[in-house]
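A.B. asks: Structure for the following, please:
(2 chains)
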Number of protein chains: 2
Amino acid sequence: MTAAVKRDAYTPESLLSVAVGVFNERGYDGTSMEHLARAAGISKSSIYHHVSSKEELLRRAVSRALDGLFGVLDEEGARAGTATERLEYVVRGTVALLVAELPYVTLLLRVRGNTDAERWAMERRRDFDHRLADLVQAAVTEGGLRADLSPRLATRLLYGMINSIVEWYRPADDGDADARERERERAKDLADAVLHLAFDGLRPR
Amino acid sequence: MTAAVKRDAYTPESLLSVAVGVFNERGYDGTSMEHLARAAGISKSSIYHHVSSKEELLRRAVSRALDGLFGVLDEEGARAGTATERLEYVVRGTVALLVAELPYVTLLLRVRGNTDAERWAMERRRDFDHRLADLVQAAVTEGGLRADLSPRLATRLLYGMINSIVEWYRPADDGDADARERERERAKDLADAVLHLAFDGLRPR
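C.D. replies: This next block holds a predicted model:
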């Protein structure tokens, strides 16, 4: 990414992309503006031309992940139908979002809460988790999911499984339209596998 | 932990416990011997009396997790019976081990591979993952698990779910024998929930 961007051609967007890569590699706490400047191949003062602080970069990066996640909850498929159907829709949507915004979601999941910006991110993430837990609870209540698993624990395990995808999923390099289409197919197959495993289980029915 | 250990009473074991806590909080890369000395409340030279380097502490810490994990694979229940029964045994055993050795397994899962010691840990972890994938493959082959999920992907999702437990599980403080028994019960219930969800799915059968 760095090499492909001309020195004077950074936009807030492309600088953010470089910063997220460094945050994910070094950890947010372990990253200085100096590290970011070096990775971007520009001076620190050029970075300050785009953003006021490292915190601002973190907020913008995790907002991109969180806006995407909350956006899934606002889509028609997440608001219509039974709670179980809505949950299935949301699981598919979050897997697709995780894959499409992989570095941003990875950063969100790794944030640990040592600074105000990190605590703010964790707080918004908790809001999202509560919305999910409410949906799982509603699906249990309507009889679409088993009642012998605590909805809170089921939500944690289900989303633990989904979130773990960031540990190993590596998208193919950007390519032509065909390559992007194959990548979308791969993400869809992954969402199918997650749904099958989580809803139907590994044992043959 | 630190406060309960007298300055001159450190053993390699108790120092390791302090070090693992600091590694998990600051990240291994972000931890210096100075940080470890401060957390332990002793001088750096006192630490060097116990261990030769930060790398040695990492190796000892992740070995404790890895020896436990490989130990599960060597137990009778993991070697006798059908592959599906053995997999169930191993899932139970790894959840129990994860909870019993929570800080050590957490460290193992967070290691990223920037140094030789970290790469060595990741290598051993990959060996363990391959053993699991072989077991899942054998369970699919014998018909105990569905064949329409790739064994490799099923292993990743299953262990993604299990490993995510380190993100939220917090054992009760050490207490008397009754408290320890309750903690074991809690870990057993958790392993049951993981098995139910993974093998039978969230949907009522």
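A.B. asks: where in chain A is pLDDT low?
C.D. replies: Low-confidence segments of chain A, defined by pLDDT under 70: A:1-8.
A.B. asks: So in it, which helix runs the longest?
C.D. replies: Looking across chain A with DSSP state H, the single longest helix is helix A:116-141.
A.B. asks: For the spatially most central residue of chain A, pull up the helix or strand it's in.
C.D. replies: Note on chain A: the residue nearest the mean C-alpha position is A:Val105, at 2.5 Å, using C-alpha atoms, centre = their mean. Per DSSP states H and E, A:Val105 falls inside helix A:102-110.
A.B. asks: counting contacts, what elements does that helix pack onto?
C.D. replies: With contacts defined as 3 or more C-beta pairs under 8 Å, 6 or more residues apart in numbering or on different chains; DSSP states H and E, the packing partners of helix A:102-110 are helix A:12-26, helix A:54-74. For the C-beta atoms, the positions are set from N, CA and C on the backbone; glycine is no exception.
A.B. asks: does A:Arg86 really touch A:Gly77, like I thought?
C.D. replies: Yes: counting by C-beta atoms under 8 Å, A:Arg86 does reach A:Gly77; the two are 7.2 Å apart.
A.B. asks: who's more crowded, the two?
C.D. replies: The neighbour comparison of A:Arg86 against A:Gly77 (other C-beta atoms under 10 Å in any protein chain shown) goes to A:Arg86, with 20 against 14.
A.B. asks: what's the helix or strand for that one?
C.D. replies: For A:Arg86, the host element (DSSP H and E) is helix A:83-100.
A.B. asks: Domain map for chain A?
C.D. replies: Domains of chain A are assigned by automatic domain parsing as A:1-51, A:58-200.
A.B. asks: between these, which one is nearest to B:Arg119?
C.D. replies: Taking C-beta to C-beta as the measure, those were each checked against B:Arg119, and domain A:1-51 came out nearest at 15.0 Å.
A.B. asks: What residues does A:Glu88 make contact with?
C.D. replies: Listed by C-beta atoms under 8 Å, 6 or more residues apart in numbering or on different chains, the contact set of A:Glu88 reads A:Leu195, A:Phe199.
A.B. asks: can you list the residues of chain A near chain B?
C.D. replies: For chain A, the contact set with chain B under C-beta under 8 Å from any C-beta of the partner chain comprises A:26-27, A:29-30, A:143-146, A:148-150, A:153-154, A:156-161, A:163-165, A:167-168, A:190, A:193-194, A:196-205.
A.B. asks: Buried ones only from those residues, please, as a ChimeraX command.
C.D. replies: Below is the selection syntax for ChimeraX that covers the buried ones among the residues of chain A next to chain B, with 16 or more other C-beta atoms under 10 Å in any protein chain shown defining burial:
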select /A:26,27,29,144,145,146,149,150,153,154,156,157,158,159,160,161,163,164,165,190,193,194,196,197,198,199,200,201,202
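A.B. asks: Out of the residues of chain A next to chain B, list just those in strands.
C.D. replies: When those are checked against strands (DSSP state E), there are no matches.
A.B. asks: Tell me if I'm right that A:Ala39 and A:Val18 touch.
C.D. replies: Yes: using C-beta under 8 Å, A:Ala39 is in contact with A:Val18, at 5.5 Å.
A.B. asks: the more surrounded of those two?
C.D. replies: A:Val18 (21 against 18).
A.B. asks: Excluding chain neighbours, what is closest to that one?
C.D. replies: Closest residue to A:Val18 in three dimensions, ignoring its sequence neighbours and counting by C-beta to C-beta, 6 or more residues apart in numbering or on different chains: A:Ala40, at 4.9 Å.
A.B. asks: What is the burial count for the one you found?
C.D. replies: Using other C-beta under 10 Å, A:Ala40 is surrounded by 23 other residues.
A.B. asks: I'd like to know how far it sits from chain B.
C.D. replies: Counting by C-beta to the nearest C-beta, to the nearest Å, the gap from A:Ala40 to chain B is 21 Å.
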